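1. everything below, folded, please.
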Amino acid sequence: LEDYYYSRCLSYQLGKDVKQLLFQRIQTRLLSSYPASTTPTGPRNNGAYSMKDITTAWGQEAVKRGRQIFESDQLPFFGREFQEDILVWHIGTCILLACADQQHVQGTYGKAIEVLSEYLMFLVAVRRHMLPGLVLRSLFEVTRQAIADVWAEEVVHGNKNNRSYSCLRSRKEMLAKTLHELKLINEDWGLNNANTRLISDGIDLATVLLQVEEKDMPKLMELVFDVWIDKLLYAGTRCSRESHAKQLSHGAELTSIVWIITEHAGPFRIGE
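-> As a prediction, this is how the structure comes out:
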C-alpha cells in the first residue's frame, strides 16, 4: 500500500516542469570535467561535477559552491550516515517550505525540492535496500514516533484541530511550523532525548536556511534543490547493482534511472 501511495504521489508531483528541471540539472552535473577551463564543445560549465564529487558527497559540494549566501560561521550541516542525513534534511526542508515567504517556495524549485525530499524519504521508509550505507530502521521508527507524539500533544492541548487540519498537506505544514516554534521557545528542546535528536538537528538546519537574507532566497532555493540532486545522484550511484537489478524486475525506480544515465554518461562525457 505504501509503495502504491508514494509511487502515485511521485507520478503526480513530478510534473513536466519539475521533470525538465530535474534532468537538466543531472545533465549539468555530468558534463565533462576537464582540467582546463573549456571542454571540446565550449566553456566548461561550473555546475559540472567529477565522479568523485558524485560518489562521495551528498550535498556538501553544493553548499561549498554556494556558501557565500550564508554567514561565515553558520553553514548547513549534514548527517553522519546517509540515511540519517536524509531524515535531517527532510525535516529541515519541510520547515523551510512551510515557514519561508511563500513567494519564494511556490515556484518550480520549491516543487522540485518537495518531490525529491519526499521521494528519498520514501526510500528510507519503504525501500532501504535501494540506499547505500547503514540501514537505520530503528532511528527512522523512533524519529517518526517522536514526531507523531509532538503532533498528538499539540492536538490534545487544543493547539491544533484535527478536523481543520485533516488534509495531509495542511497537517504537514502545520507540524513543520510547530516544530520550528518549539525551538524558538526553547532552544534546548530535544537535545536531552535520543528519540528527538534528529528532529532537533532538522530544526537547527532549517533555522540556518531561514536566516539567509531576503535578497538571497532565490539562490537558497536553487542551492537546496542542488543538495537534493546530489543526494539523488549519490543514492543512485552508490546503490548496489544487485539492488538495482532486483528493483527493475518490480518496476523502474528513479534512482535506477539516474544510475543508468550516470553509468552511460561516465565513459563518454566525464573526463576521469
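2. tell me where the stretch 101-250 of the chain is predicted with low confidence.
-> For the stretch 101-250 of the chain, applying pLDDT under 70 flags the ranges 135-137, 154-169.
3. please enumerate the strands of it.
-> Per DSSP state E, counting those that start in this stretch, the stretch 101-250 of the chain carries no strands over any range.
4. where exactly do the helices run in it?
-> Secondary structure of the stretch 101-250 of the chain (DSSP state H, counting those that start in this stretch): helices at 102-105, 108-125, 137-156, 168-185, 197-210, 217-238, 241-248.
5. helix, strand or coil for Ser72?
-> Here Ser72 is coil, with the state taken from DSSP: H, G, I helix; E, B strand; the rest coil.
6. repeat that for Phe78.
-> Put simply, Phe78 is coil when judged by three-state DSSP.
7. the closest residue to it other than its chain neighbours: neighbour count?
-> For Phe78, ignoring the flanking residues on the chain, the nearest one in space by Cβ to Cβ, 6 or more residues apart in numbering is Asp85 at 5.0 Å. Using the backbone N, CA and C atoms, a C-beta is placed for each residue, glycine as well. Residues contacting Asp85 under the criterion other Cβ atoms under 10 Å number 23.
8. pretty sure Asp85 is touching Asp230, no?
-> No: the pair formed by Asp85 and Asp230 falls short of the contact definition of Cβ atoms under 8 Å, at 10.7 Å.
9. identify the contacts common to those two.
-> 58-59 (Cβ atoms under 8 Å, 6 or more residues apart in numbering).
10. for the helices of the stretch 101-250 of the chain, which one sits closest to Thr55?
-> Thr55 sits nearest to helix 217-238 of all the helices of the stretch 101-250 of the chain, at 5.1 Å, using Cβ to Cβ.
11. what angle do the closest one and helix 241-248 make?
-> If you take axes from the mean of the first three to the mean of the last three Cα atoms, to 10 degrees, helix 217-238 sits at 100 degrees to helix 241-248.
12. buried residues of helix 217-238, list them for me.
-> Buried positions in helix 217-238, judged by neighbour count with 16 or more other Cβ atoms under 10 Å: 217, 220-238.
13. tell me what that helix is packed against?
-> With contacts taken as 3 or more Cβ pairs under 8 Å, 6 or more residues apart in numbering; DSSP states H and E, helix 217-238 sits against helix 16-29, helix 51-56, helix 60-66, helix 82-99, helix 102-105, helix 108-125, helix 254-269.
14. just put the ones you listed in TSV and tack on distance to Leu131.
-> As requested, the helices and strands packed on helix 217-238 are exported to TSV (distance: least, Cβ to Cβ, whole Å):
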stretch	distance to Leu131
helix 16-29	18
helix 51-56	14
helix 60-66	17
helix 82-99	6
helix 102-105	26
helix 108-125	5
helix 254-269	8
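15. out of those helices, flag the one nearest Asp149.
-> Among the helices and strands packed on helix 217-238, the nearest to Asp149 by Cβ to Cβ is helix 82-99 (14.6 Å).
16. returning to what we had before: among the helices and strands packed on helix 217-238, which is nearest Asn193?
-> Asn193 sits nearest to helix 82-99 of all the helices and strands packed on helix 217-238, at 15.1 Å, using Cβ to Cβ.
17. how far out from the middle of the chain is that closest one?
-> Between the centre of helix 82-99 and the centre of its host chain there is 6 Å, according to Cα atoms, centre = their mean, to the nearest Å.
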